[in-house]
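Participant: Just a sequence and a predicted model for now, questions to come.
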Amino acid sequence: MKILILGAGAVGGYFGGRLLEKGEDVTFLVREKRQDQLHKNGLVLKSPHGDAVLHPKTIQSTSSDEPFDVVFLATKAYHLDGAIKTIEPFIREYTLIIPLLNGIEHMEELRAYYSPEQVLGGMCFVESTLDRDGAIIQTSEMHELVFGDWNGHRTEQIKAIEQVFSGTKTNFRLSENIQQEMWHKYLFITTVSGITSLMRSPIGPIRDTLEGRTYIQQLFEEIRLIMESHRAPILDGIVEKQMQILEKQAPQMKSSMLRDLEKGASIEADHLQGYLLLLAERYGVETPLLRLVYQHLKVYEKNISV
Ligand SMILES: NC(=O)C1=CN([C@@H]2O[C@H](COP(=O)(O)OP(=O)(O)OC[C@H]3O[C@@H](n4cnc5c(N)ncnc54)[C@H](OP(=O)(O)O)[C@@H]3O)[C@@H](O)[C@H]2O)C=CC1
Ligand SMILES: CC(C)(CO)C(=O)C(=O)O
């Protein structure tokens, strides 16, 4: 099965690297600078699950139009529009597309551009980042990639993919309710990225003070209310469940948004918190803490653009 991964960054590089390490037919669709880096250093993974130096096939958007069976989109939301068009030459009617972005808004755009049946739901849990030399550094043991047909169908094609994704050093999991899992992850990530970015701190020192916990809970609650008003398929008691998940995280756990802030890099504020605020406005939901988080991120964006 031919697998294409757009973006050899923290997420695409990690999960694509694990498939490649197992011996799957993986190609990375990259831009010039990353291609040079991969040719020079290889795809370097530094991980609690085992380091690796791999030598992947790479292509650039203009260098080929060969077809692929599965295409992962592993880009930041602010590069989504370009990425959607960049993968077009490699897509055939049988190709399945698996986006790995945080958030939910991109699903509408993708399902409108391609045939909705060929866009699966997808998401991942991993704490990874690129160092200055382009090596992928995984900073905790968490690593799971979840995918599934948008309406939960378990087709022969999806079963074949599940087989191909099995037996790697990481976890690929087929979900029969990917929409719900993506909304749950969206709740988790907007809260965790929002609070860690606002406080410029890993989760431990925030979570382990009474005041900090109260803010985390308030943010979870505001976002849950928005999602409920939108009739998103979230479970009752989801905030309590997510607080329990948060409890289990190591104190030094950081969101990828906080890591990007620390690097002075671009962030996905509009895609994550901003989209929720649009929904809040639509349904008349009061969200004072989410608004503060978003404003804080927009001020950061203004400062890095000057
Ligand atoms: N990092 C993490 O721990 C986690 C991240 N996520 C989510 O995963 C998504 C990806 O994040 P992450 O991997 O960290 O981001 P990175 O910035 O590390 O990687 C994104 C990659 O996409 C590449 N890219 C963008 N546009 C194109 C294009 N048109 N053609 C080729 N390559 C392109 C970039 O290449 P270039 O270098 O050329 O710009 C970059 O290497 C985000 O939505 C994020 O929120 C989810 C879970 C965990
Ligand atoms: C919270 C975490 C690490 C889980 O994968 C994440 O998605 C992110 O930081 O972007």
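Facilitator: Received it, and whenever you're ready, just let me know what you need. Ligands and ions are numbered 1, 2, ... in the order given.

Participant: Every contact and neighbour count from this point should use C-alpha atoms.
Facilitator: Noted.

Participant: secondary structure class for the residue of the stretch 101-250 of the chain found nearest ligand 1?
Facilitator: The nearest approach of the stretch 101-250 of the chain to ligand 1 comes at L101, 3.3 Å away (C-alpha to the nearest ligand atom). Secondary structure assignment for L101 (DSSP: H, G, I helix; E, B strand; the rest coil): coil.

Participant: confidence score at it?
Facilitator: pLDDT, L101: 98.

Participant: Surely it touches H79?
Facilitator: No - under the criterion of C-alpha atoms under 8 Å, L101 makes no contact with H79, lying 10.7 Å away.

Participant: Name the residue in those two with the higher neighbour count.
Facilitator: L101 (23 against 11; other C-alpha atoms under 10 Å).

Participant: Now the more buried one. Its backbone dihedrals?
Facilitator: When read as degrees, to the nearest 10, the backbone of L101 gives phi -70, psi 150.

Participant: swap in I97?
Facilitator: Torsion angles, degrees, to the nearest 10, at I97: phi -110, psi 130.

Participant: Please verify my assumption that it contacts S115.
Facilitator: No - contact criterion C-alpha under 8 Å: I97 and S115 do not qualify, at 10.0 Å.

Participant: Counting neighbours, go ahead and name the busier of these two.
Facilitator: More crowded of I97 and S115, by other C-alpha under 10 Å: I97, with 26 against 11.

Participant: what about K22, neighbour count?
Facilitator: Residues near K22, counting by other C-alpha under 10 Å, number 15.

Participant: Kindly report the same for Y215.
Facilitator: By other C-alpha under 10 Å, neighbour count at Y215 equals 16.

Participant: Against P48, how distant is it?
Facilitator: Here the criterion is C-alpha to C-alpha, to the nearest Å. By it, Y215 lies 31 Å from P48.

Participant: One more: P205?
Facilitator: Using C-alpha to C-alpha, one gets 24 Å for the distance from P205 to P48.
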